[in-house]
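J.: Using only what follows, build the 3D model:
(2 chains)
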Amino acid sequence: MVAVGASFGAIAIAYGMPAWVPFLMSTAVFAGGAQFLAVGLIAAGNPLAAVAAGLLLNARHLPFGLAVSATVGPRWRDRLIGSHLMTDEVVAFTLAEEDPARRRRTYWLIGATLFTSWNLGTALGVWLGGAAGDPAALGLDAAFPAGLIALILPSLRDRDTRVAALAGAAVAVALTPVLPAGLPVLCALLGLGAVFLPRRRAARAGAGHAEPGAERTAAVPGQAIKAGPSAESAVGQGGGAADRAAGRRVETEEAPC
Amino acid sequence: MLIAAILTLAVGTYTMRLSGVLLRDRLELSDHLQRLLPMAAATLLAALAATAALMEGAAPAGIARPAGVAAGALLAWRRAPFVVVVLAAAATAALLRLAGVE
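T.: As a prediction, this is how the structure comes out:
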């Protein structure tokens, strides 16, 4: 966690942020993925997209809160402080315990430890990033996406998540030349259509055994129309790329699952 | 603008965290939504990783950066520690640039 926090701090500095930005984010937002996302989109020049994408990303804390509510306890002080310590890791560790008392101890211990190490790491990264020379010569621009990939790789072991993520990534890359900075990443959510639309359509048609590839080609342009007439042609284009990427991936990745 | 963006993100995130804790008995999320939210999170981060790896503004990012990211991704896939992934990606890109490959 110190290492991830340090990368965050160093990358924020490498992207030209003032030093207070990573500190404020690490203490007040305290959500690794959203912080990386926000720094990336702010650096691209679109703080509104940074807020929107960050909040979408953190919407998963709502079900997390429902899951750990009993562990955090009924006292207001605990609820107010405990909520801020909530992260993917602390929820995972907590729910791995069976006994309520152990759950409670795990939540607070891991939560406090992660908050401390995340902020120490950020400070270390800001210091290292400030001391380092030219970010491009040091390859820091390559460190940022590689770190993100390392963060999301465990969740990509789930097949549906992988299909959605790859389709979304293809949409975002395809739209980057034509849309203002920040929006392509939000449009990546269309990638979720590659997982859910074919399934719903199959269920509605009662054709459970329909060939998945054929369903998907029909589904993605359908999603594009919903995005509105102004973006329609561009999104349709991206959808096509996503479609191909998702289709190819499904074919090649079937075996290791 | 910058500080407003960060504070909005912070307050919004905290509100979602606290709402879950407070609403436990009064809110039931569908299984569908419970499954969708983490997938949306992974999708947004994957899209950020892909655009940051492959694009520089509206143009392709060249060779050194994608090659560095690929080296890091390969190590991450082989379950290398986070520090190793990040340093290998940076070192690969830096060495390629040193060799004159942009």
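J.: Check for me that A:Asp134 belongs to a helix.
T.: No: counting by DSSP: H, G, I helix; E, B strand; the rest coil, one finds A:Asp134 to be coil, located in no helix.
J.: quick one: contacts for residue 82?
T.: Picking chain A for this. A:72-73, A:107-108, A:111, B:21 (C-beta atoms under 8 Å, 6 or more residues apart in numbering or on different chains). No exception for glycine: its C-beta is placed from N, CA and C like everyone else's.
J.: Not quite, go with chain B.
T.: Contacts of B:Phe82 by C-beta under 8 Å, 6+ apart are A:3-4, A:7, A:147, A:150.
J.: near chain B too, which of those?
T.: Checking the contacts of B:Phe82 against chain B by C-beta under 8 Å from any C-beta of the partner chain, the ones in range are A:3-4, A:7, A:147, A:150.
J.: Which of the residues you listed fall in strands?
T.: With strands taken from DSSP state E, there is no overlap with these.
J.: need those in JSON lines with neighbour count and pLDDT, can you?
T.: Formatted as JSON lines, the ones next to chain B among the contacts of B:Phe82 follow (neighbours: other C-beta atoms under 10 Å in any protein chain shown; pLDDT from 0 to 100):
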{"residue": "A:Ala3", "neighbour count": "20", "pLDDT": "88"}
{"residue": "A:Val4", "neighbour count": "22", "pLDDT": "90"}
{"residue": "A:Ser7", "neighbour count": "33", "pLDDT": "90"}
{"residue": "A:Gly147", "neighbour count": "28", "pLDDT": "91"}
{"residue": "A:Ala150", "neighbour count": "27", "pLDDT": "92"}
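J.: Return the closest of the residues you listed with respect to A:Leu41.
T.: Proximity of the ones next to chain B among the contacts of B:Phe82 to A:Leu41 (C-beta to C-beta) peaks at A:Gly147, which lies at 15.8 Å.
J.: and stretch A:95-107, which residues are buried?
T.: Neighbour counts over stretch A:95-107 (16 or more other C-beta atoms under 10 Å in any protein chain shown) mark A:103-104, A:106-107 as buried.
J.: Determine whether any part of that stretch lies close to chain B.
T.: No: looking at stretch A:95-107 against chain B by C-beta under 8 Å from any C-beta, there are no contacts, and the closest approach is 11.1 Å.
J.: Distance from that stretch to the middle of the chain?
T.: Centroid separation for stretch A:95-107 versus its chain: 26 Å, with C-alpha atoms, centre = their mean, to the nearest Å.
J.: what separates A:Ala38 from chain B, distance-wise?
T.: Counting by C-beta to the nearest C-beta, to the nearest Å, the separation of A:Ala38 from chain B is 6 Å.
J.: Help me confirm that that residue is found in a helix?
T.: Yes: under three-state DSSP, A:Ala38 sits within a helix.
J.: what's the closest non-adjacent residue to it?
T.: A:Ala50 (4.3 Å; C-beta to C-beta, 6 or more residues apart in numbering or on different chains).
J.: related to what we said a few turns ago, can you tell me which of the contacts of B:Phe82 is nearest A:Ala67?
T.: Among these, and counting by C-beta to C-beta, the member closest to A:Ala67 is A:Val4, at 23.0 Å.
J.: related to what we said a few turns ago, could you tell me which of the buried residues of stretch A:95-107 belong to helices?
T.: Members of these lying in helices (criterion: DSSP state H): A:103-104, A:106-107.
J.: ok, now which ones touch A:Ser26?
T.: A:Ser26 sits next to A:5, A:8-9, A:35, A:118-119, A:122 when contact means C-beta under 8 Å, 6+ apart.
J.: Please work out which residue of the stretch 1-150 of chain A is closest to chain B.
T.: Of all residues in the stretch 1-150 of chain A, the one sitting closest to chain B is A:Gly65 (1.7 Å; C-beta to the nearest C-beta).
J.: export the ones in helices among the buried residues of stretch A:95-107 to CSV and tack on pLDDT?
T.: Shown next, in CSV, are these (pLDDT from 0 to 100):
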residue, pLDDT
A:Arg103, 94
A:Arg104, 96
A:Thr106, 95
A:Tyr107, 96
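J.: Next, give me the two most distant ones among these.
T.: Greatest spatial distance among those (C-beta to C-beta): A:Arg104 and A:Thr106, at 7.3 Å.
J.: Do the longest helix seen in chain B and chain A come into contact?
T.: Counting residues, the longest helix found in chain B (DSSP H) is helix B:31-54. Yes: using C-beta under 8 Å from any C-beta, a contact is recorded between helix B:31-54 and chain A, made by B:33-34, B:36-54.
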